[in-house]
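Visitor: sharing a model that was predicted from the sequence below.
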Amino acid sequence: MTNPRRPRPKTPTPTPPQSSYAIDAQDGERIQKILAHAGLGSRREIETWIEGGEVQINGKPAQLGDRWRPGDVLILRGRVVNLEKRIHAPTRVLVYHKPTGEVVSRRDPDGRPVIFTQLPRLEVGRWIAVGRLDINTQGLLLVTNNGELANRLMHPSREIEREYAVRVLGPVSDAALERLKAGVELEDGPARFETLEPAGGEGANRWYHVTLKEGRNRIVRRLWESQNIAVSRLIRVRFGAILLPARLKARTFAELAGKELDELLMFVDLPTMPKPLKPGRTSHAPRKPHRAGR
(Lines give C-alpha, C1' and ligand atoms only; values in the text may rest on other atoms or scores of the structure.)
Protein backbone atom coordinates (compact mmCIF):
# COMPACT_ATOMS: atom_id res chain seq x y z
CA MET A 1 0.00 0.00 0.00
CA THR A 2 1.41 3.31 -1.01
CA ASN A 3 1.50 6.34 1.18
CA PRO A 4 -0.70 9.26 0.12
CA ARG A 5 1.14 12.24 -1.34
CA ARG A 6 1.99 14.89 1.13
CA PRO A 7 0.64 18.31 0.15
CA ARG A 8 3.28 20.74 -0.96
CA PRO A 9 3.86 23.65 1.41
CA LYS A 10 2.51 26.88 0.05
CA THR A 11 5.14 29.33 -1.14
CA PRO A 12 4.53 32.82 0.24
CA THR A 13 3.70 35.36 -2.45
CA PRO A 14 6.68 37.75 -2.74
CA THR A 15 6.05 41.38 -1.96
CA PRO A 16 6.42 43.55 -5.09
CA PRO A 17 9.34 45.99 -5.20
CA GLN A 18 8.59 49.36 -3.69
CA SER A 19 9.69 52.72 -4.95
CA SER A 20 12.45 54.47 -3.04
CA TYR A 21 11.26 57.87 -4.28
CA ALA A 22 11.06 60.20 -1.28
CA ILE A 23 9.68 63.72 -1.03
CA ASP A 24 10.59 66.26 1.63
CA ALA A 25 7.29 67.06 3.37
CA GLN A 26 8.32 70.68 3.92
CA ASP A 27 10.06 71.61 0.66
CA GLY A 28 8.03 69.36 -1.60
CA GLU A 29 8.91 68.73 -5.26
CA ARG A 30 8.50 70.78 -8.43
CA ILE A 31 5.21 69.99 -10.10
CA GLN A 32 6.63 69.15 -13.52
CA LYS A 33 9.16 66.79 -11.95
CA ILE A 34 6.68 64.95 -9.72
CA LEU A 35 4.14 64.59 -12.55
CA ALA A 36 6.86 63.25 -14.84
CA HIS A 37 8.02 60.75 -12.23
CA ALA A 38 4.41 59.62 -11.83
CA GLY A 39 4.40 58.71 -15.52
CA LEU A 40 1.83 61.30 -16.60
CA GLY A 41 4.01 62.74 -19.35
CA SER A 42 7.42 64.09 -20.22
CA ARG A 43 8.66 67.23 -18.52
CA ARG A 44 8.27 69.14 -21.77
CA GLU A 45 4.63 68.04 -22.12
CA ILE A 46 3.88 68.88 -18.50
CA GLU A 47 5.45 72.35 -18.77
CA THR A 48 3.18 72.99 -21.76
CA TRP A 49 0.15 71.87 -19.72
CA ILE A 50 1.13 74.19 -16.86
CA GLU A 51 1.61 77.16 -19.19
CA GLY A 52 -1.79 76.38 -20.76
CA GLY A 53 -3.56 76.48 -17.38
CA GLU A 54 -4.38 72.75 -17.40
CA VAL A 55 -2.81 72.07 -13.98
CA GLN A 56 -4.20 73.30 -10.67
CA ILE A 57 -2.83 72.88 -7.19
CA ASN A 58 -5.07 73.44 -4.17
CA GLY A 59 -7.66 75.14 -6.35
CA LYS A 60 -5.29 77.63 -8.03
CA PRO A 61 -3.65 77.52 -11.47
CA ALA A 62 -0.14 76.11 -11.14
CA GLN A 63 2.90 78.06 -12.29
CA LEU A 64 6.25 76.75 -13.47
CA GLY A 65 8.38 76.33 -10.36
CA ASP A 66 5.46 75.67 -8.00
CA ARG A 67 6.01 72.74 -5.66
CA TRP A 68 3.76 69.87 -4.62
CA ARG A 69 3.77 68.57 -1.05
CA PRO A 70 2.08 65.48 0.39
CA GLY A 71 -1.53 66.41 1.12
CA ASP A 72 -1.82 68.97 -1.69
CA VAL A 73 -4.70 68.48 -4.12
CA LEU A 74 -3.53 68.44 -7.73
CA ILE A 75 -5.93 68.58 -10.66
CA LEU A 76 -4.80 67.81 -14.20
CA ARG A 77 -7.18 68.64 -17.02
CA GLY A 78 -10.14 68.71 -14.67
CA ARG A 79 -9.37 65.42 -12.91
CA VAL A 80 -7.89 64.92 -9.46
CA VAL A 81 -4.60 63.01 -9.59
CA ASN A 82 -3.65 60.72 -6.69
CA LEU A 83 0.06 61.51 -6.82
CA GLU A 84 0.92 59.78 -3.57
CA LYS A 85 -0.28 56.47 -5.03
CA ARG A 86 1.44 57.00 -8.36
CA ILE A 87 4.87 58.09 -7.14
CA HIS A 88 5.25 55.00 -4.97
CA ALA A 89 4.62 52.58 -7.82
CA PRO A 90 7.78 50.56 -8.56
CA THR A 91 9.80 51.63 -11.58
CA ARG A 92 9.44 49.34 -14.58
CA VAL A 93 11.46 49.36 -17.80
CA LEU A 94 10.70 47.31 -20.90
CA VAL A 95 12.99 46.57 -23.84
CA TYR A 96 10.61 46.51 -26.81
CA HIS A 97 11.59 45.27 -30.27
CA LYS A 98 9.81 47.76 -32.50
CA PRO A 99 9.11 46.53 -36.03
CA THR A 100 8.96 48.70 -39.12
CA GLY A 101 5.47 50.02 -39.75
CA GLU A 102 4.67 50.88 -36.13
CA VAL A 103 4.47 54.47 -34.87
CA VAL A 104 5.89 55.62 -31.52
CA SER A 105 2.69 57.41 -30.52
CA ARG A 106 -0.40 56.83 -28.40
CA ARG A 107 -2.69 57.21 -31.39
CA ASP A 108 -2.21 57.84 -35.07
CA PRO A 109 -4.64 59.94 -37.16
CA ASP A 110 -3.87 57.77 -40.20
CA GLY A 111 -4.81 54.59 -38.38
CA ARG A 112 -1.34 53.06 -38.43
CA PRO A 113 -0.42 50.63 -35.62
CA VAL A 114 1.13 52.24 -32.53
CA ILE A 115 3.57 50.68 -30.09
CA PHE A 116 1.55 51.36 -26.94
CA THR A 117 -1.21 48.95 -27.90
CA GLN A 118 1.43 46.19 -27.87
CA LEU A 119 2.49 46.77 -24.25
CA PRO A 120 1.06 45.33 -21.02
CA ARG A 121 -1.50 47.46 -19.23
CA LEU A 122 -0.39 49.37 -16.15
CA GLU A 123 -2.65 49.61 -13.11
CA VAL A 124 -1.07 52.95 -12.19
CA GLY A 125 0.55 55.53 -14.49
CA ARG A 126 1.35 55.04 -18.16
CA TRP A 127 4.19 53.91 -20.39
CA ILE A 128 6.56 56.58 -21.70
CA ALA A 129 8.85 55.95 -24.67
CA VAL A 130 12.50 56.89 -24.23
CA GLY A 131 12.95 58.79 -27.48
CA ARG A 132 11.50 57.71 -30.80
CA LEU A 133 12.17 55.50 -33.78
CA ASP A 134 10.58 56.57 -37.06
CA ILE A 135 8.04 54.33 -38.76
CA ASN A 136 10.65 52.79 -41.09
CA THR A 137 13.18 52.05 -38.33
CA GLN A 138 13.10 48.92 -36.21
CA GLY A 139 14.96 47.73 -33.15
CA LEU A 140 15.44 48.54 -29.50
CA LEU A 141 13.04 50.97 -27.84
CA LEU A 142 13.01 51.51 -24.08
CA VAL A 143 9.70 52.28 -22.39
CA THR A 144 9.18 53.04 -18.70
CA ASN A 145 6.51 54.15 -16.25
CA ASN A 146 9.00 56.53 -14.58
CA GLY A 147 8.89 59.89 -16.35
CA GLU A 148 11.92 61.24 -14.51
CA LEU A 149 13.97 58.25 -15.67
CA ALA A 150 12.77 58.79 -19.25
CA ASN A 151 13.64 62.49 -19.05
CA ARG A 152 17.18 61.83 -17.85
CA LEU A 153 17.80 59.14 -20.46
CA MET A 154 16.66 61.49 -23.23
CA HIS A 155 18.39 64.65 -22.03
CA PRO A 156 21.12 65.78 -24.47
CA SER A 157 23.53 66.53 -21.61
CA ARG A 158 23.81 62.79 -20.87
CA GLU A 159 25.19 62.07 -24.36
CA ILE A 160 24.05 58.46 -24.15
CA GLU A 161 25.47 56.41 -27.00
CA ARG A 162 23.12 54.75 -29.49
CA GLU A 163 24.25 52.04 -31.88
CA TYR A 164 22.58 51.19 -35.20
CA ALA A 165 23.01 48.55 -37.87
CA VAL A 166 22.60 50.31 -41.22
CA ARG A 167 22.17 48.77 -44.66
CA VAL A 168 22.90 51.13 -47.55
CA LEU A 169 22.41 50.71 -51.25
CA GLY A 170 25.30 51.19 -53.65
CA PRO A 171 29.02 51.87 -53.29
CA VAL A 172 30.32 54.13 -50.54
CA SER A 173 33.59 56.00 -51.00
CA ASP A 174 36.24 56.24 -48.32
CA ALA A 175 35.96 60.03 -48.56
CA ALA A 176 32.24 59.89 -47.71
CA LEU A 177 32.92 57.68 -44.70
CA GLU A 178 35.57 60.08 -43.45
CA ARG A 179 33.20 63.04 -43.79
CA LEU A 180 30.52 61.21 -41.80
CA LYS A 181 33.01 60.62 -38.99
CA ALA A 182 34.50 64.12 -39.12
CA GLY A 183 31.12 65.88 -39.17
CA VAL A 184 28.75 67.39 -41.71
CA GLU A 185 26.40 70.36 -41.56
CA LEU A 186 22.70 69.47 -41.50
CA GLU A 187 19.73 71.85 -41.59
CA ASP A 188 19.53 71.81 -37.77
CA GLY A 189 23.26 71.95 -37.06
CA PRO A 190 26.43 69.85 -37.34
CA ALA A 191 26.35 66.11 -36.72
CA ARG A 192 28.66 63.12 -37.02
CA PHE A 193 29.03 59.44 -36.21
CA GLU A 194 31.21 58.66 -33.22
CA THR A 195 32.19 55.37 -34.83
CA LEU A 196 31.50 53.88 -38.26
CA GLU A 197 32.53 50.29 -38.99
CA PRO A 198 31.85 48.11 -42.06
CA ALA A 199 29.83 44.97 -41.30
CA GLY A 200 29.78 43.05 -44.59
CA GLY A 201 27.09 42.73 -47.22
CA GLU A 202 26.24 41.15 -50.56
CA GLY A 203 25.68 42.54 -54.03
CA ALA A 204 24.76 46.22 -54.02
CA ASN A 205 23.93 46.21 -50.29
CA ARG A 206 26.49 47.07 -47.63
CA TRP A 207 26.06 46.93 -43.85
CA TYR A 208 27.67 49.31 -41.36
CA HIS A 209 27.51 49.69 -37.59
CA VAL A 210 27.42 53.31 -36.43
CA THR A 211 27.23 55.01 -33.05
CA LEU A 212 26.26 58.54 -32.07
CA LYS A 213 25.42 60.40 -28.88
CA GLU A 214 22.25 62.24 -29.80
CA GLY A 215 18.71 61.49 -30.81
CA ARG A 216 17.64 64.20 -33.23
CA ASN A 217 14.81 63.30 -35.58
CA ARG A 218 15.96 60.89 -38.33
CA ILE A 219 19.57 61.81 -37.56
CA VAL A 220 21.09 58.54 -38.85
CA ARG A 221 19.23 58.63 -42.16
CA ARG A 222 19.93 62.33 -42.66
CA LEU A 223 23.65 61.86 -42.14
CA TRP A 224 23.82 59.20 -44.86
CA GLU A 225 21.53 61.23 -47.13
CA SER A 226 23.93 64.18 -46.82
CA GLN A 227 26.36 62.04 -48.83
CA ASN A 228 23.68 61.01 -51.37
CA ILE A 229 23.59 57.50 -49.92
CA ALA A 230 20.24 55.73 -49.55
CA VAL A 231 19.51 53.77 -46.36
CA SER A 232 17.48 50.65 -47.15
CA ARG A 233 17.29 49.25 -43.61
CA LEU A 234 17.95 50.69 -40.16
CA ILE A 235 17.97 48.80 -36.85
CA ARG A 236 18.80 50.21 -33.41
CA VAL A 237 20.74 47.51 -31.58
CA ARG A 238 21.90 49.33 -28.44
CA PHE A 239 20.94 52.23 -26.19
CA GLY A 240 23.69 53.00 -23.66
CA ALA A 241 24.55 49.68 -22.05
CA ILE A 242 21.22 48.06 -22.99
CA LEU A 243 21.47 45.66 -25.95
CA LEU A 244 18.64 44.39 -28.15
CA PRO A 245 18.43 40.72 -27.08
CA ALA A 246 19.33 38.43 -29.99
CA ARG A 247 16.27 36.22 -29.46
CA LEU A 248 13.77 39.02 -28.89
CA LYS A 249 11.42 38.91 -31.86
CA ALA A 250 9.68 41.96 -33.32
CA ARG A 251 6.56 43.03 -31.39
CA THR A 252 7.79 41.36 -28.21
CA PHE A 253 9.36 42.81 -25.09
CA ALA A 254 11.55 41.82 -22.15
CA GLU A 255 11.51 43.54 -18.78
CA LEU A 256 14.66 44.73 -17.05
CA ALA A 257 15.04 43.50 -13.51
CA GLY A 258 17.62 43.09 -10.79
CA LYS A 259 21.12 44.25 -11.61
CA GLU A 260 20.23 45.55 -15.09
CA LEU A 261 17.50 47.82 -13.74
CA ASP A 262 19.66 49.00 -10.84
CA GLU A 263 22.53 49.87 -13.17
CA LEU A 264 20.23 51.85 -15.45
CA LEU A 265 18.86 53.86 -12.51
CA MET A 266 22.33 54.52 -11.09
CA PHE A 267 23.60 55.54 -14.53
CA VAL A 268 21.27 58.57 -14.46
CA ASP A 269 21.76 59.24 -10.73
CA LEU A 270 18.42 57.85 -9.55
CA PRO A 271 18.10 55.67 -6.44
CA THR A 272 17.63 51.95 -6.85
CA MET A 273 14.66 50.15 -5.31
CA PRO A 274 14.72 47.46 -2.65
CA LYS A 275 13.77 44.12 -4.19
CA PRO A 276 12.57 41.41 -1.84
CA LEU A 277 13.80 37.93 -2.69
CA LYS A 278 11.70 34.83 -3.20
CA PRO A 279 12.32 32.15 -0.58
CA GLY A 280 15.49 30.21 -1.36
CA ARG A 281 16.75 32.72 -3.93
CA THR A 282 19.74 35.01 -3.62
CA SER A 283 19.63 36.93 -6.88
CA HIS A 284 17.27 38.22 -9.54
CA ALA A 285 17.42 37.16 -13.17
CA PRO A 286 15.89 39.30 -15.94
CA ARG A 287 12.41 38.20 -16.85
CA LYS A 288 11.90 36.13 -19.97
CA PRO A 289 10.76 37.84 -23.18
CA HIS A 290 7.01 38.25 -23.56
CA ARG A 291 4.81 38.40 -26.61
CA ALA A 292 3.56 41.99 -26.83
CA GLY A 293 -0.13 42.53 -26.39
CA ARG A 294 -0.68 39.61 -24.04
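Guide: Nice, I can see it. Residues are numbered from 1 along each chain as shown.

Visitor: ranges for the helices of this structure?
Guide: Counting by DSSP state H, the chain forms helices over residues 31-37, 43-51, 83-87, 147-154, 174-182, 219-225, 258-267, given from the N-terminal end onward.

Visitor: now for the ones you listed, which one comes closest to Val124?
Guide: Within the helices of the chain, the stretch nearest Val124 is helix 83-87; the backing value is 5.5 Å (CB to CB). Using the backbone N, CA and C atoms, a C-beta is placed for each residue, glycine as well.

Visitor: return the distance of the closest one from the chain's centre.
Guide: With CA atoms, centre = their mean, to the nearest Å as the basis, helix 83-87 stands 20 Å off its chain's centre.

Visitor: tell me the spacing between Ala241 and Thr144.
Guide: Counting by CB to CB, to the nearest Å, the gap from Ala241 to Thr144 is 15 Å.

Visitor: so which of these two has more stuff around it?
Guide: Just comparing Ala241 and Thr144: by other CB atoms under 10 Å the higher neighbour count belongs to Thr144, 22 against 11.

Visitor: for that one, what are its contacts?
Guide: Applying CB atoms under 8 Å, 6 or more residues apart in numbering, one finds that Thr144 lies in contact with 39, 91-94, 127-128, 130, 150.

Visitor: in strands only, show me those.
Guide: When DSSP state E is applied, these are split such that 93-94, 128 fall in strands.

Visitor: neighbouring strands for the longest strand anywhere in the chain, and are they parallel or not?
Guide: When the chain is parsed with DSSP E, its longest strand is strand 230-239. Sheet pairing of strand 230-239 (DSSP bridges) gives strand 138-144 (parallel), strand 162-169 (antiparallel), strand 242-243 (antiparallel).

Visitor: name the surrounding residues that touch the longest one.
Guide: Right, the one you point to is strand 162-169. Contacts of strand 162-169 with the rest of the structure, by CB under 8 Å, 6+ apart, involve 139, 199, 201, 204-213, 215, 220, 224, 229-239.
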